[in-house]
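Peer 1: next comes the sequence, and after it the predicted model I'd like to discuss.
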Amino acid sequence: MADFFREVDEDVRRDQLINIWKQYQNWIIGAALLIVLGTAGWRVYDYYRLKNVEAAGARYAAAQQLASDGKAAEAAAAFDAIAKDGAKGYATLAQLANANAIAAKDPKTAAAAYDAIAANAAIDPAYQQVARLRGAYLRVDFDDPKAFEQRYAGYASPDSPYRNAYRELLALADAKRGDFTGAAHWLELAAADPTSPPALRARADAFLTIVQAGAVPTK
């Protein structure tokens, strides 16, 4: 008797499945096709994306080789081309590398290039911050010290990721204009910050001793 009821139950379930299939088969087939087509489309997209990234990587490596070989003009042109039409990550790296290549011969133009990267909201904030700091390292040598402080003091605040690097640069700018009190202020902040790299803290301590003695030349 138990076998009989089980067979009846199985027949009922089979009939229910057949009815469901007849009622919804077009939807089921359509959904299956969408899944297949979607998977195929993703695979095609992923293939071409990887190919583009690999091509951009090869172009970037070639540009770096030109820079290593001392072919500054050719390297700059190659980096500029990647920055214009390369994959997003490599395009940003190319902009930074292009500014690096320019810096040795034309610091002011390189600083402007770094500033453009830092001001571009489409670029990853991490790259913006790096570009801004690199620009500051160049500008401290030729900007008016007071203008330099006004430009970068905000990036020396406690919540700034590169605050201690900016504090060191601001101290140098103050020392250049003979403001040893201002220089000591920035150096004390850098030296007291537990997040300062050991090398930076050591430089700050050493420079602070000199600044407090008033022995730093103004030129």
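Peer 2: Great, that's in hand. Numbers count the residues shown, from 1 in each chain.

Peer 1: how about the closest residue to Lys108 other than its chain neighbours, secondary structure?
Peer 2: With sequence-adjacent residues excluded and distances taken as CB to CB, 6 or more residues apart in numbering, Lys108 is closest to Phe142, at 6.4 Å. C-beta coordinates here come from the backbone N, C-alpha and C atoms, glycine included. Using DSSP: H, G, I helix; E, B strand; the rest coil as the criterion, the local structure at Phe142 reads coil.

Peer 1: correct me, but Phe142 touches Pro107?
Peer 2: Yes. Under the criterion of CB atoms under 8 Å, Phe142 is in contact with Pro107, at a separation of 6.5 Å.

Peer 1: more crowded one of the two?
Peer 2: Comparing Phe142 with Pro107 by neighbour count (other CB atoms under 10 Å), the higher total belongs to Pro107, at 16 against 10.

Peer 1: from Asp143, how far out is that one?
Peer 2: When distances are taken as CB to CB, to the nearest Å, Pro107 and Asp143 turn out to be 10 Å apart.

Peer 1: any idea how far Ala81 is from Ala101?
Peer 2: Taking CB to CB as the measure, Ala101 falls 13 Å from Ala81.

Peer 1: with Pro158 instead?
Peer 2: From Pro158 over to Ala81 the distance is 41 Å, taken as CB to CB.

Peer 1: quick one, which of these two is more surrounded?
Peer 2: For Pro158 versus Ala81, neighbours defined as other CB under 10 Å are more numerous around Ala81 (15 against 8).

Peer 1: ok, that one - contacts?
Peer 2: Listed by CB atoms under 8 Å, 6 or more residues apart in numbering, the contact partners of Ala81 are Arg59.

Peer 1: and it, what pLDDT?
Peer 2: Ala81 is assigned 78 on the pLDDT scale.

Peer 1: where does the protein have its least confident helix or strand?
Peer 2: Within the chain, judged by mean pLDDT, DSSP states H and E, the helix or strand with the poorest mean is helix 2-68; its value is a mean of 61.

Peer 1: next secondary structure element downstream of that one?
Peer 2: Beyond helix 2-68 in the direction of the C-terminus, DSSP states H and E gives the next helix or strand as helix 72-85.

Peer 1: just checking, what packs against the next helix or strand after that following helix?
Peer 2: With elements assigned by DSSP H and E, the helix or strand that comes after helix 72-85 is helix 88-103. With contacts defined as 3 or more CB pairs under 8 Å, 6 or more residues apart in numbering; DSSP states H and E, helix 88-103 has these neighbours: helix 2-68, helix 72-85, helix 107-119, helix 125-139.

Peer 1: so which bits of helix 88-103 are buried?
Peer 2: Within helix 88-103, the residues that qualify as buried by neighbour count (16 or more other CB atoms under 10 Å) are 90-103.

Peer 1: next, the angle helix 72-85 makes with that helix.
Peer 2: Per axes from the mean of the first three to the mean of the last three CA atoms, to 10 degrees, the angle that helix 88-103 makes with helix 72-85 is 150 degrees.

Peer 1: what's next to helix 88-103, contact-wise?
Peer 2: Taking CB under 8 Å, 6+ apart as the rule, helix 88-103 contacts 53, 56-57, 59-60, 63-64, 67, 72, 75-76, 79-80, 82-86, 109-110, 113-114, 116-117, 123-124, 127, 130-131, 134, 138.
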